[in-house]
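> have a look; sequence and predicted model below, questions after that.
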Amino acid sequence: MARLPALSLLVVLMAACSSTPPPATRSSASSTTTPAATPATTTAAPDARLVDPAVIQALKAMGSYLQTLKRYAVAIDLSGERVLADGEKLQHTATADLQVSAPNKLRAQMRSARSQRDLIFDGRTVTLYQPQQKYYSQAEFAETNAVLVERLRQRYGVEIPSADLFLWGTSAAPLDNIQSAMNAGQDFVGGTLCDHYAIRQGDFDWQIWIAAGDRPLPCKLVITNRADEARPQSVTLYRWNLNPKFGNSVFTFTPPKGATEAKFVPLKTQQSQ
């Protein structure tokens, strides 16, 4: 479900949902990066006998419902595993709070013990702010939230927490290369009855719990990296507010006193383009 590269502990954990964590690799005890999983491309053809069409339809129904949401907030709790050279696992946590006004306004507050980042998009300008260092970067941008999260990832390596939330229900939804998909029954997640689905995509297994009923919101996501024999996992929990009270002022950034502007730096692969 998540396909984004790891940049830092915060970014890795934020990318975990979505909506898509990066490949986990073994690291030394001094490493500060927490790997997470992200579905990889595979050349193997999906086995139609192992893919339950009802599961694919459930994912599409979730995406269609997400696309109907015009204004919402979602609090995200994330955890990811880092595997040391001797096989010992360390778990790290982070949080993200998204405030969204579709199609082109977004505020994302990303927090961990190691890093803090705020992303603010008002439909005309996108700002990335680091409160601890008081650095901010800005760029003009006039596309939708879905285009924004992909452009930031591809050009600048900036990951938006649970970015796939903006892609489900569109042609960019991560439904390719699914090798198996099954209904795993029902569970409660935070008191909400959910339908539980398990999907295999390349070297990654992911499980998603979608609220049962007429509001099929994702409530939990677990991604397992099978390419690593330690099978590290990332876990994302969602808490939704479909009637938020925020105003449009939350999408406006005013540099705090003493803040310093820094330019967005494209990835090396983009600098020559």
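Good, I have the coordinates. Numbers count the residues shown, from 1 in each chain.
> quote the end-to-end distance of stretch 109-126.
End-to-end span of stretch 109-126 (Cα to Cα, to the nearest Å): 14 Å.
> need the contact partners of it.
Contact partners of stretch 109-126, identified using Cβ atoms under 8 Å, 6 or more residues apart in numbering, comprise 8-11, 13-14, 32, 92-97, 104-108, 127-132, 138-142, 145, 148, 152, 158, 160-161, 248, 250-253. C-betas here are computed from N, CA, C, even on glycine.
> so which of the residues you listed are in strands?
Applying DSSP state E to the contacts of stretch 109-126, the entries found in strands are 92-97, 105-108, 127-130, 138-140.
> separate out the buried members of the residues you listed.
92, 94-97, 105-108, 127-130, 138 (16 or more other Cβ atoms under 10 Å).
> would you turn these into JSON lines with distance to residue 68?
Below are those laid out as JSON lines (distance: Cβ to Cβ, whole Å):
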{"residue": "92", "distance to residue 68": "34"}
{"residue": "94", "distance to residue 68": "28"}
{"residue": "95", "distance to residue 68": "26"}
{"residue": "96", "distance to residue 68": "22"}
{"residue": "97", "distance to residue 68": "22"}
{"residue": "105", "distance to residue 68": "16"}
{"residue": "106", "distance to residue 68": "17"}
{"residue": "107", "distance to residue 68": "20"}
{"residue": "108", "distance to residue 68": "21"}
{"residue": "127", "distance to residue 68": "28"}
{"residue": "128", "distance to residue 68": "29"}
{"residue": "129", "distance to residue 68": "30"}
{"residue": "130", "distance to residue 68": "34"}
{"residue": "138", "distance to residue 68": "31"}
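> which among the residues you listed gets closest to residue 268?
Set against residue 268, the nearest of these by Cβ to Cβ is residue 128 (18.5 Å).
> what residues does the longest helix seen in the chain touch?
Counting residues, the longest helix found in the chain (DSSP state H) is helix 53-68. Contact with helix 53-68 is made by 165, 167-170, 173, 175, 178, 181-183, 195, 197, 199, 208, 210, 215-218, as judged by Cβ under 8 Å, 6+ apart.
> residue 141 contacts residue 148, doesn't it?
Yes - using Cβ atoms under 8 Å, residue 141 is in contact with residue 148, at 6.1 Å.
> what's the burial count for residue 260?
Per other Cβ atoms under 10 Å, the neighbour tally for residue 260 reads 10.
> specify the beta-bridge partners of it.
Residue 260 forms beta bridges with residue 135, as assigned by DSSP bridges.
> and it, how close does it get to residue 133?
Counting by Cβ to Cβ, to the nearest Å, the gap from residue 260 to residue 133 is 8 Å.
> residues near residue 87, how many?
Here the number of neighbours of residue 87 (other Cβ under 10 Å) works out to 10.
> ok, now residue 86?
Look at residue 86: counted by other Cβ under 10 Å, it has 8 neighbours.
> hmm, back to that, now the element after the longest helix of the chain, going C-ward?
strand 71-83 (DSSP states H and E).
> with only the CA atoms kept, save that following strand in PDB.
C-alpha atoms of strand 71-83 as PDB (Å, rounded to 0.1, in the frame of the first residue of the first chain):
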ATOM      1  CA  ARG A  71     -13.500  18.400   4.800                       C
ATOM      2  CA  TYR A  72     -12.100  16.100   7.500                       C
ATOM      3  CA  ALA A  73      -9.400  15.500  10.000                       C
ATOM      4  CA  VAL A  74      -7.600  12.300  10.800                       C
ATOM      5  CA  ALA A  75      -5.200  11.500  13.700                       C
ATOM      6  CA  ILE A  76      -2.600   8.900  12.900                       C
ATOM      7  CA  ASP A  77      -0.500   6.800  15.300                       C
ATOM      8  CA  LEU A  78       2.400   5.000  13.700                       C
ATOM      9  CA  SER A  79       4.900   2.400  14.800                       C
ATOM     10  CA  GLY A  80       7.700   0.800  12.900                       C
ATOM     11  CA  GLU A  81      10.400  -1.800  13.500                       C
ATOM     12  CA  ARG A  82      14.200  -1.300  13.000                       C
ATOM     13  CA  VAL A  83      16.200  -4.500  12.800                       C
END
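> ok and it relative to helix 53-68, angle-wise?
130 degrees (axes from the mean of the first three to the mean of the last three Cα atoms, to 10 degrees).
> show me which residues of strand 71-83 are buried.
Those would be 72-74, 76, 78-83, for strand 71-83 by 16+ other Cβ under 10 Å.
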